[in-house]
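Structure of the sequence below:
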Amino acid sequence: MKKKVVVALGHQALGTNFPEQKKAVHSSVKILADMVEDGCQLIITHSNAPQVGMIHTALNEYAKHHETYNAPMAICSSMSQGFIGYDIQNMLRSELLGRGIYRTVSTIITQVVVDPYDEAFYHPIKVIGRYLTAEEAAAEERKGNYVVEEPGKGFRRIVSAPKPLDIVEIDAINALVDAGQIVIAGGGGGIPVLKQGSRLKSASAIVEKDLTSGKLADLTDSDILMILTNEEHVCIHYQTDAPIPLGEITASQARTYMEEHEFGEAGMLPKIEASVNFVSQKSGRKAIITSIDHAMDALHGKTGTVIS
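Reported below is the predicted structural model:
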């Protein structure tokens, strides 16, 4: 029986601009195809921070010449899901066909339900877009947006990062997965939406990609959550002269490390949190955190950090 695996691709697997993305994805799909050949049923998600920032900047520049136009985060997120998903599905399909494997690869523009009362809405932390002048920052604040100053560089807009509660398109995702297809979903954490009766209203926020990946793995009842980052292992004492790489650890041990503030809030912490949430929902699950270059070895238990 095939193992169902959610693979979360990080920046290294995607690059930061159009030319880099083409080159990076071309390399990344070879590893994804290796997993398919190895008997994995893949569900793919991905980061989008550089890409969504680029889209947001471009649309804001356009808005300077069209006063009635603005750039809602939901539009920026959906556009990034579309063009990143396109590259992955196009190149992965081609790579699989070259190996004699026919498998439909589809991208689903994904909405993620968040809590309107999530504390994160009162403490925005996610930086987006280009650097702003003081005048531009003041204009953003007049619109009700948050900005933060980076000394010597300028101002940046910041948005909230609420936790994902549910995935709106999960039935469609599961239907495709059950049909044996490869699905790309939840890109960049998905589009955060608020339930208002029968309507879904987009929120000016960014959902942490790793937390959405964990939610996606749970709701698809996957066997493995694999989060691909820049490091072969998760390390404790990371910013010291003697970092200690972690191999196999339990969810309980991971929680202890989290409580001891071993992981950076904007870096490894959400990956560990997503992994712990996923494996804690059902016995027999495991989460793997490693680099994309070591993905296959980690899948076979030879390297990486494994949480179970």
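
Please make it C-alpha for all contacts and neighbour counts, starting now.
Will do.

Okay, now the unreliable bits of the protein?
Scanning the chain for pLDDT under 70 picks out 1, 68.

which residue is nearest the middle of it?
Centroid-nearest residue in the chain: residue 209, 2.7 Å away (criterion: C-alpha atoms, centre = their mean).

With adjacent residues omitted, what lies nearest to it?
Spatial nearest neighbour of residue 209, chain neighbours left out: residue 189 (3.8 Å); criterion: C-alpha to C-alpha, 6 or more residues apart in numbering.

can you count the residues close to the one you found?
30 (other C-alpha atoms under 10 Å).

before we move on, back to that, would you check how far apart the residue nearest to the centre of the chain and residue 215 are?
Using C-alpha to C-alpha, to the nearest Å, one obtains 10 Å as the distance from residue 209 to residue 215.

What is the helix or strand hosting residue 297 packed up against?
Using DSSP states H and E, residue 297 sits within helix 295-299. Packed against helix 295-299 by the contact rule (3 or more C-alpha pairs under 8 Å, 6 or more residues apart in numbering; DSSP states H and E) you find helix 18-37, strand 286-291.

who's in contact with it?
31, 34-35, 228, 288, 290, 303-304 (C-alpha atoms under 8 Å, 6 or more residues apart in numbering).

and these as CSV, adding distance to residue 239 and neighbour count?
Formatted as CSV, the contacts of helix 295-299 follow (distance: C-alpha to C-alpha, whole Å; neighbours: other C-alpha atoms under 10 Å):
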residue, distance to residue 239, neighbour count
31, 30, 18
34, 34, 16
35, 33, 18
228, 20, 26
288, 22, 28
290, 18, 24
303, 21, 21
304, 19, 27
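
Point out the one among the helices and strands packed on helix 295-299 that comes closest to residue 122.
strand 286-291 (30.2 Å; C-alpha to C-alpha).

show me the contacts for the residue nearest to residue 59 when sequence neighbours are not counted.
Computed as C-alpha to C-alpha, 6+ apart, the closest residue to residue 59 that is not its neighbour in sequence is residue 71, at 5.8 Å. Applying C-alpha under 8 Å, 6+ apart to residue 71 gives the contacts 56, 59-60, 63.

Give me the distance between the lengthiest helix in the chain and the centre of its chain.
Looking across the chain with DSSP state H, the single longest helix is helix 73-98. Centroid separation for helix 73-98 versus its chain: 14 Å, with C-alpha atoms, centre = their mean, to the nearest Å.

Buried ones in that helix, by neighbour count?
Of all the residues in helix 73-98, those buried under the rule 16 or more other C-alpha atoms under 10 Å are 73-81, 84-96.

Which elements pack onto it?
Going by 3+ C-alpha pairs under 8 Å, 6+ apart, helix 73-98 lies up against helix 18-37, helix 49-63, strand 105-108, strand 191-196.

now the angle between strand 191-196 and that helix, please.
130 degrees (axes from the mean of the first three to the mean of the last three C-alpha atoms, to 10 degrees).
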